[in-house]
Each structure stands twice: as structure tokens, then as C-alpha cells.
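Colleague: okay, structure incoming, though there's no sequence with it:
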Ligand SMILES: Cc1ncccc1-c1cc(O)c2nc[nH]c(=O)c2c1
Ligand SMILES: [Mg+2]
């Protein structure tokens, strides 16, 4: 039977990237998705914006909503200081199975904890089950309809602190109008937009950076 797109991405990594070399894994995925088959990775246009925000925050505890094949997981984890942790949540088991292998190929499995399940079920378990006090950085990249409810859930669970940085992908394409309206109008957030393009295309998209003010 025909392979899946994530399986084809994994094969491109195994055939073109060096084990333990995160940069080569990122390049292999970007080359495959630009030249062979589009896929919903944050990509090499928005990616450097993600990198700059992660480097600026230098988080001890980071959360990613939406792993897919692990591309942005690797972009974030490769920049984390020693001893810091990235938790990444993925509800699709097929995506999670591929992401585990791609994260391992990059040699970043010791910095990353990949949790399978719905974010709305996992977020309330963060303190008790995963020993998280609060997150320093959150990357929202799962499904546009969940950005706002999951942000409110993070607030309600006391998982955001003064200065926590939220970075949201796809705020233009596919678009997250309810989330944007909230973070741009709430007195609890200071928000700004980084204009870019939908991965591997000329279509406008961008990242919204929102600092929680407590
Ligand atoms: C799939 C797609 N088609 C056309 C335009 C945009 C997308 C698209 C792009 C992304 O970066 C996504 N990231 C997380 N989750 C998504 O569902 C998603 C969808
Ligand atoms: Mg995205």
C-alpha cells in the first residue's frame, strides 16, 4: 500500500541527513518539501523567526502544541540550553510515530518529551504528572480552532507566568482570527506580528508573538 507523506519525509531524512546533526535534518526536510512534496512544517522562511524568538527567550521549559513530523520540535530543541526541556503534544499517533524517529535521528531525544493525546486533556496534567511549574515559551502550531481554548486553559492551569512568550504559527494562513483578536485586545498580553510566508510558498502568512503580562 502507498506510503504516507510523513513516512516519505522520514525516508528523505534517513537518506539525506547525518545522524546527530540537527541542521542536516532541517535541511533535508526543507529540500524535500520545497522540491518534492509540500508539507505543513513551519519551514525555512518562518523558521528563522522561530529560531530568533527561542534564542531570545532561551527557555528552561518550553511547550509545543502540534508536533507533526518534528521539524519545529528540532528547530526549537537544537537551541535549548543544557538541562532545559521541550514538551511537544501530538494527537495523531501516525504523526507521533514518525516524529519520534526524526527527533532521534537529529540526536535531540534527550531534550524532548513527545506526548501523544489531545492538548485539552494533557495541559491540565502538566503540573502533577509532568512536574511543570510554568512554561517560559509556547509554540502554537496544532489546529487554528484550538489556539484560543488551549491558551485560556494554560492560563487557568497556572502554566503561564509574567513574561511567558507565546508564538503562534499560521495566524494569516489558514488564519486564527479568534486567537488574534484575543491576544491583540487582552490587557494580559503584549502582541506583535512577524510577517512572512506560508511554508515553501509565496502566500502571506506570519507568526504572532504574545508576551503574557500576568
Ligand atoms: C494544510 C494547509 N493547507 C493550506 C494552507 C495551510 C495549511 C497549514 C499550514 C500549517 O503550517 C499548519 N500548521 C499546523 N496545523 C495545520 O493544520 C496547518 C495547516
Ligand atoms: Mg503551522
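Modeller: Sure, I can see it. From a predicted model like this one, the values you see are computed outputs, not experimental measurements. Ligands and ions are numbered 1, 2, ... in the order given.
Colleague: now for the helix or strand containing residue 181, which elements pack on it?
Modeller: Assigned by DSSP states H and E, residue 181 belongs to helix 177-185. Under the contact criterion of 3 or more CB pairs under 8 Å, 6 or more residues apart in numbering; DSSP states H and E, helix 177-185 touches helix 144-156, strand 160-168, strand 189-197, strand 204-212. C-beta coordinates here come from the backbone N, C-alpha and C atoms, glycine included.
Colleague: the second one pairs with which strands, parallel or anti?
Modeller: Using DSSP bridges, the strands paired with strand 160-168 are strand 135-140 (parallel), strand 204-212 (antiparallel).
Colleague: wait, which of those strands is closest to residue 52?
Modeller: strand 204-212 (10.0 Å; CB to CB).
Colleague: show the average pLDDT along the closest one.
Modeller: Computed over strand 204-212, the mean pLDDT rounds to 99.
Colleague: that one and ligand 1 in contact?
Modeller: No: judged by CB under 6 Å from any ligand atom, strand 204-212 makes no contact with ligand 1; its nearest approach is 7.4 Å.
Colleague: got the buried residues for that strand?
Modeller: By neighbour count with 16 or more other CB atoms under 10 Å, strand 204-212 contains the buried residues 205-212.
Colleague: before we move on, what about stretch 81-98?
Modeller: By neighbour count with 16+ other CB under 10 Å, stretch 81-98 contains the buried residues 84-91, 95-96, 98.
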